[in-house]
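[1] Whatever this is, show me its structure:
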Amino acid sequence: MKTFLVKLPLPSHYLSSDFFAFHLRDQQNVAEIVEGNTLHKGLIWQQQAAKLNLMIKNQQATLSLEIDSPTVIPQESELHSLAKHLLGLNQPVEQFEAQYMTDPIIGKLIKKQQGLRIYQSANAFEALVWAIIGQQISVHAAIAIRRRFIQAVGLQHTSGIWCFPDVLQVSRVSDDTLRQAGFSIGKVVALRALCDAIKNQHIDLSQQINHENVNFITEQLLQIKGIGPWTVSYALLRGFNYLNGSLHGDVAVRRNLQTLLTKQEPPTAKETEKWL
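    Purely as a prediction, here's the structure:
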């Protein structure tokens, strides 16, 4: 097993504690382990089990990848791109803060948590699967289903950490396996349809999303049975580094916007969408 490594500087105000908190959702540490200032995460790299290690120290991130197969050699540019993606460094945070720092409402939030970023899943497929799992259930329930899904469908690295499955791994398992992991029939249908769309090249999740093409990929995803606006917006937010998706239908978003605007009642979904 070989280890490959890259380093990159982090901007000032980078909130490393928030980055690690995002990966601490599952306290059973099946696929993500946080030890001090280092994240260990299992992922599948070119069909091989791999363990990612991402350490943050002195405003610098160091990413290393341990791949079980000695024949798989990632390019340095690939690891650099992966590190920037995971850390949310592709997001125009500084531009946003500069534009809205003086806003009477948003400015107060920015000052309290300057440098806030939306930390990413390893790839868009992982973000979409997480969004499908989380449809209309609590976060606690979704975490448990995600854990069982990873153990039933993914690969285990030689270190013992589990790797989030890719499209090929999902395609190899039965519907019964997914149902036993906790997927509803509707979510099985959505996951199968997503995998089929990727395998048949009807959708490309590797593309960079921007203002020019976001509507195109949004429409592609909405054509998949079982995927709606909330699922697409969440995936854009957590898998594509695209921060302008509107989670106006999310109860938590509306509840927090009520607090922010000091309203007696939560704003409607339409009011929330307009404000966002």
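
[2] tell me the centre residue of the chain?
    Most central in the chain under CA atoms, centre = their mean is Ser121, positioned 2.7 Å from the mean C-alpha point.

[3] Break down the protein into its strands, ranges please.
    2-9, 32-35, 38-45, 48-57, 60-67, 155-156, 162-164 (DSSP state E).

[4] which of the ones you listed sits most buried?
    Most buried of these, by mean neighbour count (mean count of other CB atoms under 10 Å): strand 162-164, with a mean of 24. (C-beta placed from N, C-alpha, C; glycine too.)

[5] how close does Leu82 sit to Gln75?
    Distance from Leu82 to Gln75, counting by CB to CB, to the nearest Å: 11 Å.

[6] So if I had to pick from these two, which one is more boxed in?
    Between Leu82 and Gln75, Leu82 has the larger neighbour count (other CB atoms under 10 Å), namely 21 against 9.

[7] pLDDT at the more buried one, what is it?
    Note on Leu82: pLDDT of 97.

[8] which one is it nearest to, not counting chain neighbours?
    Leu63 (6.8 Å; CB to CB, 6 or more residues apart in numbering).

[9] doesn't Glu78 make contact with Lys84?
    No. Using CB atoms under 8 Å as the test, Lys84 is too far from Glu78 to be in contact (11.0 Å).

[10] Looking at the two, which is more packed in?
    Legend: neighbour count by other CB under 10 Å for Lys84 and Glu78, higher for Lys84 (18 against 15).

[11] so the residue nearest to Leu82 touches Lys51, yeah?
    No. Between Leu63 and Lys51 there is no contact under CB under 8 Å: 11.4 Å.

[12] any idea which of the strands of the chain scores lowest on pLDDT?
    strand 2-9 (a mean of 91).

[13] And that strand, what does it pack against?
    Strand 2-9 is packed against strand 60-67, helix 76-87, with contacts defined by 3 or more CB pairs under 8 Å, 6 or more residues apart in numbering; DSSP states H and E.

[14] Hey, what's the angle from that strand to strand 60-67? Just curious.
    Interaxial angle, strand 2-9 versus strand 60-67 (axes from the mean of the first three to the mean of the last three CA atoms, to 10 degrees): 160 degrees.

[15] As PDB, could you dump the C-alpha coordinates of strand 2-9?
    Extracted in PDB, the C-alpha atoms of strand 2-9 (Å, rounded to 0.1, in the frame of the first residue of the first chain):
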ATOM      1  CA  LYS A   2       1.400   3.400  -1.100                       C
ATOM      2  CA  THR A   3       0.700   6.800   0.500                       C
ATOM      3  CA  PHE A   4       0.400  10.000  -1.600                       C
ATOM      4  CA  LEU A   5       0.500  13.400  -0.100                       C
ATOM      5  CA  VAL A   6      -0.200  17.100  -0.900                       C
ATOM      6  CA  LYS A   7      -0.100  20.300   1.100                       C
ATOM      7  CA  LEU A   8      -1.900  23.600   0.600                       C
ATOM      8  CA  PRO A   9      -2.200  26.900   2.600                       C
END
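
[16] Tell me the neighbouring strands of it, and mark each as parallel or antiparallel.
    Strand 2-9 sits in its sheet next to strand 60-67 (antiparallel), going by DSSP bridges.

[17] quick check: angle from the strand it pairs with to strand 38-45?
    Using the same axes, to 10 degrees, strand 60-67 lies at 40 degrees relative to strand 38-45.

[18] who touches strand 60-67?
    1-10, 45, 48-56, 74, 79, 82-83, 86-87, 157, 159 (CB atoms under 8 Å, 6 or more residues apart in numbering).

[19] can you check stretch 208-224 too?
    With CB under 8 Å, 6+ apart as the contact definition, stretch 208-224 has outside contacts at 128, 190, 193-194, 197, 202-203, 207, 227-229, 231-232, 235-236, 240-242, 244.

[20] Please repeat the previous calculation with a cut-off of 7 Å.
    The contact list for stretch 208-224 (CB atoms under 7 Å, 6 or more residues apart in numbering) reads 190, 193-194, 197, 203, 227, 232, 236, 240, 242.
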